[in-house]
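A.B. asks: Sequence unavailable; structure follows:
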C-alpha cells in the first residue's frame with residue numbers, strides 16, 4: 001500500500017531465498033533498536049496473488065514482544081512488508097542469491 005505508515009520502526013533484510021517454481025523458502029531478519037531478530041518463511045502464490053507466511057521462533061517472538069509489545073500486530077506488519085517488497089536483499093557471504101518465481105523469468 002503506497003503511503004502506508006507503520007507503527008513499528010524496523011528494517012527488514014532478506015538474506016536467503018530458495019529457488020522454487022511455486023513456493024520459495026526465505027530467511028532474514030529485522031533490525032530494531034540495534035537488535036537483530038531472525039525469521040523464516042514461505043513465499044508463494046500464482047493464482048490469486050502473492051503471499052508470504054513469515055515464522056518467528058519462540059526466542060524471536062520473545063524479542064519482538066520486548067521490542068514492540070504486540071506480537072500479532074507485528075507479525076501482520078512484517079507479512080505486509082514482505083508481500084509489498086518493503087525489504088532489502090543482502091545475501092549471506094559465500095552464497096549466491098537464488099531468486100526465482102513470478103516476475104523473475106527471463107524475457108521471451
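C.D. replies: That came in fine, so what should we check first? Note that the structure is predicted; figures quoted are calculated from it, not measured.
A.B. asks: What average pLDDT does stretch 39-57 get?
C.D. replies: Stretch 39-57 shows a mean pLDDT of 90.
A.B. asks: got the buried residues for it?
C.D. replies: Buried residues in stretch 39-57, defined by neighbour count with 16 or more other Cβ atoms under 10 Å: 39, 40, 41, 43, 44, 52, 54, 56. Using the backbone N, CA and C atoms, a C-beta is placed for each residue, glycine as well.
A.B. asks: So for it, first residue to last residue, what's the gap.
C.D. replies: Terminal residues of stretch 39-57 lie 7 Å apart, using Cα to Cα, to the nearest Å.
A.B. asks: for the spatially most central residue of the chain, what are its contacts?
C.D. replies: By Cα atoms, centre = their mean, the chain has its centre lying nearest to residue 82, at 4.4 Å. Shown in contact with residue 82 (Cβ atoms under 8 Å, 6 or more residues apart in numbering): 12, 14, 26, 41, 43, 52, 54.
A.B. asks: So the second one is in contact with residue 30, correct?
C.D. replies: No. Using Cβ atoms under 8 Å as the test, residue 14 is too far from residue 30 to be in contact (10.5 Å).
A.B. asks: Perfect, that will be all.
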